[in-house]
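>>> fold the following, please.
(4 chains)
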Protein chains: 2
Amino acid sequence: MSLPHAILTALLEKPSSGLELTRRFDRSIGYFWSATHQQIYRELGKLEADGLIRALPAEQPTRGQKKSYEVLPAGRAELARWTAASQDPKPHRDALLLRLRAAAVVGTAGLEADLRRHLELHERQLAEYQEIDRRDFPPGRDTTEDRLRHLVLQAGIDLETFWTQWLRRALADVAALPDDEPARPA
Amino acid sequence: MSLPHAILTALLEKPSSGLELTRRFDRSIGYFWSATHQQIYRELGKLEADGLIRALPAEQPTRGQKKSYEVLPAGRAELARWTAASQDPKPHRDALLLRLRAAAVVGTAGLEADLRRHLELHERQLAEYQEIDRRDFPPGRDTTEDRLRHLVLQAGIDLETFWTQWLRRALADVAALPDDEPARPA
DNA sequence: ACGGTTTATGCAACTAGTTGCACAAGGTGA
DNA sequence: TCACCTTGTGCAACTAGTTGCATAAACCGT
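Modelled structure (predicted):
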């Protein structure tokens, strides 16, 4: 149950409309908690119904009109409660590792190209993180907020670094395999 | 749609009953694709209905009786197809990073203890992986299967190594923060 | 002033995963 | 011999996330 809290955090950082939130989820926030616009709108509705956020006054907030939300005290309290409570880590699922394991049984056909594609994606993501690092975290700032946010970004950078390294290694290993065995017949 | 393929892989490695699969998902397979026993039973039913696996002949496979499954040629073919097809990486979600970001806004109360708990969990997991590495991958083997499986294990080891390092750093950073600011009042 | 694109909000149906419980068989100790 | 525990299978209801589509206003060129 983290999406509402992700939204509360985002709204506390800056009151926004659904679409603005969607964009921010595509960028910074989505790097560790992604959500589609439908999820976001639905959740905004719930949060408003629960009295945790409210729509900022606007003319006629009908369809096609921007509607911005801000966090109410009850929302901040709920976020603080959630943040302080300890939670068990949810199990991760990684389809790529699963596929590698499957490839050990049914053959590696098609795998190399996809490993390369993943490598490119992670390289691009890493570059983006490093750009954010350079742009948003110049040396010499250290408010509590900056430090915590930088810590999160650093996790992103380190994770992408790990993946690019691992994928390079995987590619080298897969390339060195005996030329594609067709997975002994069923 | 990876669970059926995770099960096919597991069954190809060794035909098993639902409960045996559940146990294996708690161990090795679950490290990158977890599933509960209910998911597994449901999926076994579907896979059987689709003709991808079949129950091994047993006396009376009623309730309370073990029922083992093996993969049929159609199942192997489907797994091979899935493995070879490229897939977009699913977005990852990490509640801990989200909480850290929330903590930047509403305060770090309670966070340190939980970071420590996560650190312990990851240390334990890392130790377990290293044990598997020692036990199941003695030097000098290199069938294609061994290499691929080792690659997957290596990803696990590297990931846990990353997390333990990052968490230690996060703990040091959080400890160095000005004594818990109560998140300027709403 | 009309047709197309972009911006913005949202519903409905679906898929995947989780939680809570039920039930049956077999073994184990009192 | 019967109460209880473990093993093994499974249903039902729920929660979370995804996909596909609908709608409406605003902006923009021709």
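>>> what segments of chain A are strands?
Secondary structure of chain A (DSSP state E): strands located at A:16-17, A:53-55, A:68-71.
>>> could you dump those strands to JSON lines with distance to residue B:10, mean pLDDT and mean neighbour count?
In short, each C-beta sits where N, CA and C put it, glycine included. Output for those, formatted as JSON lines (distance: least, CB to CB, whole Å; pLDDT from 0 to 100; neighbours: other CB atoms under 10 Å in any protein chain shown):
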{"stretch": "strand A:16-17", "distance to residue B:10": "44", "mean pLDDT": "90", "mean neighbour count": "20"}
{"stretch": "strand A:53-55", "distance to residue B:10": "44", "mean pLDDT": "91", "mean neighbour count": "18"}
{"stretch": "strand A:68-71", "distance to residue B:10": "45", "mean pLDDT": "93", "mean neighbour count": "20"}
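>>> in CSV, list these along with distance to chain B.
Listed next are the strands of chain A as CSV, based on distance: least, CB to the nearest CB, whole Å:
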stretch, distance to chain B
strand A:16-17, 14
strand A:53-55, 12
strand A:68-71, 8
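>>> which residues does residue A:13 contact?
Residue A:13 is in contact with residue B:105, counting by CB atoms under 8 Å, 6 or more residues apart in numbering or on different chains.
>>> domain map for chain A?
Listed by automatic domain parsing, the domain ranges of chain A are A:3-84, A:95-175.
>>> wait, which of the ones you listed is closest to DNA strand D?
Between DNA strand D and the domains of chain A, the shortest separation by CB to the nearest atom of the strand is 2.7 Å, and it involves domain A:3-84.
>>> please see if the longest helix along chain A touches chain B.
Secondary structure of chain A per DSSP state H: the longest helix is helix A:144-175. Yes. Judged by CB under 8 Å from any CB of the partner chain, helix A:144-175 comes into contact with chain B at A:144-145, A:147-149, A:151-152, A:154-156, A:158-159, A:162, A:165-166, A:169-170, A:173-174.
>>> now, of those residues, which are buried?
Neighbour-count burial (16 or more other CB atoms under 10 Å in any protein chain shown) applied to these gives A:144, A:147-149, A:151-152, A:154-156, A:158-159, A:162, A:166, A:170, A:173-174.
>>> I figured residue A:97 hits residue B:28, correct?
No. Shown here, residue A:97 and residue B:28 do not form a contact pair, counting by CB atoms under 8 Å, at 11.1 Å.
>>> settle it for me: which of the two has more neighbours?
Legend: neighbour count by other CB atoms under 10 Å in any protein chain shown for residue A:97 and residue B:28, higher for residue A:97 (22 against 18).
>>> which residues does the residue nearest to that one when sequence neighbours are not counted contact?
Leaving aside its sequence neighbours, residue A:97 sits nearest to residue B:32 (CB to CB, 6 or more residues apart in numbering or on different chains; 4.0 Å). Residue B:32 makes contact with A:92-94, A:97-98, A:101, B:152, B:155-156, according to CB under 8 Å, 6+ apart.
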